[in-house]
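[1] how would this look folded up:
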Amino acid sequence: MTAIIVISVIILIFTFFLNMKIRAEIRCLGGEFNFKVKYLCFTVFPFKKKEKNKKNKNKSTVSTAVSQEQQADKQDDAVQSDELNQVDDDLNESKEKSKSKETLSEKINKIFEILEKVKIIWSVSKKWLAHILKHIYIEELMIDFLITDEDAYNAAMNYGKINAAIYNLINLIRTFFTVTIKTVDILCDFDAEKSIYDISAKITVRPATILRAVFAILFGLLINIKKLIGKNNREQSSDKKVVSM
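    Numbers count the residues shown, from 1 in each chain. Prediction:
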């Protein structure tokens with residue numbers, strides 16, 4: 001009974017942590033870009049930089065002596081490396097010659113094999129990739145643009161182009177992700193000194209969603225493992241038959 005209680009508690013703890021959202025905060029305000037990744041109350045990225053310990057002065061003198069010895073060793077190694085490079089060049093030339101003997105039909109067959117494998121991988125993973133994207137939430141999207149230009153005509157044209165581009169982009173993003181908008185404010189001011197482009201958003205996803213999709217994709221690939229490697233096995237068996245003959 002105690003073991004069941006312990007296992008149940010562990011499962012509940014894992015379920016709790018896997019269902020807590022990972023939150024990425026993106027801000028570009030006043031020309032300054034800021035990016036943070038948080039999980040629960042912890043900042044995962046960027047990491048806090050630790051202060052570097054001061055190095056002793058004696059290390060500099062030791063390093064100079066070591067560098068002199070290394071230079072002498074490098075001169076000896078240079079001669080050996082030249083000889084090894086010549087051998088490698090000869091081997092590469094022989095490999096290239098053997099590759100050039102491969103017929104066009106063999107190359108085409110290999111391309112079709114790769115395409116078939118890609119189709120299998122895509123058919124297995126496309127549903128779950130879409131599942132991940134739909135469960136990535138873009139929240140509190142804020143877009144605050146102020147368009148200006150010395151020429152009033154150019155300012156008006158840029159305002160119209162940017163306005164259309166932003167709303168089309170939002171509609172496109174909504175086809176892949178779940179988006180909640182805080183505010184979209186695009187203005188045109190002919191008297192402003194410079195244009196302003198401020199953007200901020202929070203992107204959240206649950207680790208459980210990603211893990212569930214990853215395990216489902218891996219399970220689908222395992223089911224189709226024979227299709228993914230079967231062709232290579234047939235080629236190896238045929239090669240063995242030819243050798244035995």
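[2] Quick check: phi and psi at the residue lying closest to residue 189 once chain neighbours are set aside.
    What sits nearest to residue 189 in space, not counting adjacent residues and going by C-beta to C-beta, 6 or more residues apart in numbering, is residue 148, at 5.3 Å. Every C-beta, even on glycine, is put in place using the N, C-alpha and C of the backbone. Phi and psi for residue 148, reported as degrees, to the nearest 10, are phi -150, psi 160.
[3] which ones are touching residue 148?
    155, 188, 189, 190, 191, 192, 193, 194, 195 (C-beta atoms under 8 Å, 6 or more residues apart in numbering).
[4] quick check: mean pLDDT across stretch 204-211?
    Taken as a whole, stretch 204-211 has an average pLDDT of 94.
[5] Identify the residues contacting residue 209.
    Residue 209 neighbours (C-beta under 8 Å, 6+ apart): 131, 132, 135.
[6] Where helices are concerned, which of those count?
    Among these, the members found in helices (DSSP state H) are 131, 132.
[7] Mind picking the two most distant members of the contacts of residue 148?
    Largest separation among those by C-beta to C-beta: 188 and 193, giving 14.2 Å.
[8] And these two? Which one has more around it.
    When neighbours are counted by other C-beta atoms under 10 Å, residue 188 and residue 193 differ, and residue 188 comes out ahead with 19 against 7.
[9] Could you check the pLDDT of the more buried one?
    Looking at residue 188, the pLDDT reads 91.
[10] Among the contacts of residue 148, find me the one that's closest to residue 13.
    Nearest member of those to residue 13, counting by C-beta to C-beta, is residue 195, at 50.0 Å.
[11] and the closest one, how many residues sit next to it?
    Using other C-beta under 10 Å, residue 195 is surrounded by 16 other residues.
[12] can you pull the contacts of it?
    145, 146, 147, 148, 149.
[13] The host helix or strand of residue 25 pairs with which strands?
    If you go by DSSP states H and E, residue 25 is part of strand 22-29. Sheet pairing of strand 22-29 (DSSP bridges) gives strand 32-39 (antiparallel), strand 196-205 (antiparallel).
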